[in-house]
Structures are given as structure tokens and as C-alpha cells.
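>>> Sequence first, predicted model second:
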Amino acid sequence: MLRAIVVFLVLPLWALAETHTIRPNRYHETFAAHEPIARLRPGDTVVTKLLDSRGRDETGKLIHDGDNVLTGPFYIEGAEPGDTLVVKLDRVRLNRDWGWNGVRVSTDALAPGRIEGLESPICCEEWLQPKRRNALKWNLDPATGVMRPSQPLGNRLKAEFPAHPSVGCVGVAPPIKQAISSGPMGRYGGNLDYNGIDEGSVVYLPVYERGAYFLLGDAHAGFGDGELIGQGTETSMDVTFTVSLRKGVSVGWPRVERADSIVTLGATPGALERAFREAVSEMLAWLQADWGLSQREAHTLVHMTAELRVASWFGTGAVIVPKKHLPAR
């Protein structure tokens, strides 16, 4: 007598993962639970494009007239309050040959006695938008990764810099049904302007709403720590990212994992000291929870190895611990 053998094959989630190529037909300027442009499962990958901060695409066409224009939101199936959304930035690449920023460091970053006598920020014609004459065009070369201003700044400096594409705005829908402008930053993410949110980095975000509602935007061709001029050489970008979840594990503030380091971000608009307190506290919690360090070990490691960097002068502090000092996870 023959007996049928039935085999039940249980596939892991990654085996069911899909890649979605998405060109949005609408954009936003707030982090909120807007109608999703796509629904994703953990393990799914998205191939998409980011407009520049003023809403122009890779051809220069004005698609959405706004500020810090966001792509999304993406609804993550299974995401619930108390979870952590994990976003791997697989690809972050320039997709056009120009960007822009101002020509003068923000007066918020200068000593009061140094403000009088500054040159005017007016540098250029009204090429970016009507009545705006403080936007300097930069020439970008995606092939060589070099960026240069389109006009001389003086006669002493060779103003040629390596591009370092990064994403300024990443975040989820904030708690208690809020809709928060894409200008500030907070526990949900937002306009973090950390130049380490680049290709290959992994971002960890707390989930407050079922589905998380992930948004990103404000692509930068390159800038130094602090974004002192107020713009990060704004441009459009090709971006590919993969989402996953840590169920039942919550983070207090955005975290970033890079190839050689782990980073915690704290953000309080206009109050960097408070931002660093949050970032230091979040790093200590991360080291104890994920690496099993005792409190004294975590405090000592942070004291001996941490780099404190101003991600954005306007309120984001970053605490960085090199991975070479960490035990097995």
C-alpha cells in the first residue's frame, strides 16, 4: 500500500520578499500617517527617487513646490507601536549634474560680535525660484564624484570637493496622531541632517503608529558636520532601501549603524546640549541591551571611545562608538 507523504515547506520571510520600483505621484512636507504610496512587508526592497529639498526632480522640473519634500509614506505590514523599524540604505546615488546651497554660514553659528560687516548672502540670479538670489549653483559629476561651485568664490581656494551623498530626512509618523513639519527633528526622526545616513548605513526608528508610515527626503550631495550654511548642497537622488522589523523592541531615539561604528542621535531644535544628553543616554541603553555590557562597562566605553559630533547645528547631536571596541553582539 502506497502512502502519500505530505511535506509542509515553511519559507522564511526573506524568501517572500519583493522589490518594488516606485515613482511617486504625490509628495509631503510633514511626517504623519498620510495615505501610503506603497505597502511593504519586512524584507521588501524599494527602488525610488527623492526630489531635492525644493521639490525638483532629476531633470530640474518642479514637481512639488515645498520645503524638505518627502517621499512616502511607506506602510510596513506588521509594524506596531513598541516595535523598531529597521531601514537599510542599499543605494544612495546622485542622479543629476547640479545642486545648490548658500554662500554664508548661518548667523546662528557665529559669535554676535562677528556678524556685523559680513558680506551679503545675495550671490546669484533668480535661477532657482522667483525672488530668491541666495542660491549658489554647484556642478556635480556623478561619474567622478566631484562637486564644484558654478562660479568663483575668490582667487585662493580650489573649491573642489568629493561628493558624499546622504539623506537628510528620515522618519516615521510621530506619536498621538501628530503631523509635524519636515523642518524640525525629534524622537520619530525628521530633518536630522546627519551626513552619515548614507549608502550602506542602517537606520533604526521607533514605531508609534500601526504600519510605521516611513518617509524620507532632503537629499544632499555633500556637506561637513553641522550643515553650517543651512543646506547640504541640495539635489535629487536615486535611492534603494530595504525594510525589516524588530518586534517588541523599542528604541528611544533614532540610531544608525555603519560599517565601522554605531551612532545614536539626539535632537532638540535650538538646544544642542539637550540633544547630546539624549544621544549619550540612547547610546548607553543600546550598549547594555544589544551588547550585554554592564552599566559600568557601557559608561566607561562611551567615556573612552565616543566621538561627539554636531550632525546639525540646528539641533541634532551624534554620539559615535567605533565597532572595534565592541564585544560580540
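Happy to help now that I have it.
>>> ok, longest helix in the chain?
As assigned by DSSP state H, the longest helix anywhere in the chain is helix 272-290.
>>> name the helices or strands packed onto that one?
Counting contacts by 3 or more Cβ pairs under 8 Å, 6 or more residues apart in numbering; DSSP states H and E, helix 272-290 packs against strand 261-267, helix 295-305, strand 316-322. For glycine as for every other residue, the C-beta is placed from the backbone atoms N, C-alpha and C.
>>> Buried residues, the second one. List them.
With burial defined by 16 or more other Cβ atoms under 10 Å, the residues of helix 295-305 counted as buried are Ala298, Leu301, Val302.
>>> Please convert these to a markdown table, extending it with pLDDT and distance to Asn68.
Formatted as a markdown table, the buried residues of helix 295-305 follow (pLDDT from 0 to 100; distance: Cβ to Cβ, whole Å):
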| residue | pLDDT | distance to Asn68 |
| --- | --- | --- |
| Ala298 | 97 | 34 |
| Leu301 | 97 | 35 |
| Val302 | 97 | 31 |
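>>> nearest to Asp52, of these?
Closest to Asp52 out of these is Val302 (36.4 Å), distances taken as Cβ to Cβ.
>>> Next, the angle from the longest helix of the chain to helix 295-305.
130 degrees (axes from the mean of the first three to the mean of the last three Cα atoms, to 10 degrees).
>>> what's around Leu308, how many residues?
13 (other Cβ atoms under 10 Å).
>>> going forward, begin numbering at 57 instead of 1
Yes, from this point I'll number from 57; that puts the last item at Leu364.
>>> Against Gly138, how distant is it?
Per Cβ to Cβ, to the nearest Å, Leu364 is found 29 Å from Gly138.
>>> how about the strands of the stretch 157-306 of the chain, start to end?
For the stretch 157-306 of the chain, the strands defined by DSSP state E, counting those that start in this stretch cover 192-197, 202-205, 217-218, 222-227, 236-237, 241-242, 245-247, 258-262, 270-276, 293-302.
>>> closest one to Asp316 among the ones you listed?
Closest to Asp316 of the strands of the stretch 157-306 of the chain, according to Cβ to Cβ: strand 258-262, at 12.7 Å.
>>> burial of the residue nearest to Asp197 when sequence neighbours are not counted, as a residue count?
Nearest residue to Asp197, sequence neighbours excluded (Cβ to Cβ, 6 or more residues apart in numbering): Asp153, at 6.8 Å. Using other Cβ under 10 Å, Asp153 is surrounded by 15 other residues.
>>> low pLDDT regions in the stretch 57-206 of the chain?
57-71 (pLDDT under 70).
>>> surely Arg184 meets Asp108?
Let me fix one detail, which is that residue 184 is Leu and not Arg. No: in this structure Leu184 lies outside contact range of Asp108 using Cβ atoms under 8 Å: 9.7 Å.
>>> List the residues that contact the residue nearest to Thr372 when sequence neighbours are not counted.
Computed as Cβ to Cβ, 6+ apart, the closest residue to Thr372 that is not its neighbour in sequence is Ala323, at 4.6 Å. Applying Cβ atoms under 8 Å, 6 or more residues apart in numbering, we find Ala323 in contact with 240-243, 246, 248, 309-310, 331, 334, 368, 371-373.
>>> please redo it, this time with the cut-off set to 7 Å
Applying Cβ atoms under 7 Å, 6 or more residues apart in numbering, we find Ala323 in contact with Met241, Gly242, Leu248, Ala331, Gly371, Thr372.
>>> can you pull the pLDDT of it?
Listed pLDDT for Ala323 reads 94.
>>> what's the spacing between it and Gly288?
Distance, Ala323 to Gly288, by Cβ to Cβ: 16 Å.
>>> cool, Asp123 as well?
14 Å.
>>> Pick out whichever of the two has more residues nearby.
A direct count of neighbours by other Cβ under 10 Å for Asp123 and Gly288 places Gly288 higher, at 25 against 14.
>>> So what's the residue count around the nearest residue to the more buried one once chain neighbours are set aside?
Among residues not flanking Gly288 along the chain, His276 sits closest, at 3.2 Å (Cβ to Cβ, 6+ apart). Look at His276: counted by other Cβ under 10 Å, it has 27 neighbours.
>>> still on that earlier bit, Leu184 and Asp108 - which one has more neighbours?
Shown here are Leu184 and Asp108; by other Cβ under 10 Å, Asp108 has more neighbours (29 against 19).
>>> so that one is in which element?
In the assignment (DSSP states H and E), Asp108 maps to no helix and no strand.
>>> so it touches Glu290, yeah?
Yes: with contact defined as Cβ atoms under 7 Å, Asp108 counts as touching Glu290 (4.7 Å).
>>> So Gly322 is in contact with Ser368, correct?
No: when contacts are counted by Cβ under 7 Å, Gly322 is not listed as touching Ser368 (11.1 Å).
>>> what is in contact with the two at once?
Contact with both Gly322 and Ser368 is made by no residue, according to Cβ under 7 Å, 6+ apart.
>>> so how far is Ser109 from the nearest residue to Arg189 once chain neighbours are set aside?
Closest residue to Arg189 apart from its sequence neighbours, by Cβ to Cβ, 6+ apart: Ile178 at 4.8 Å. Going from Ile178 to Ser109 by Cβ to Cβ gives 20 Å.
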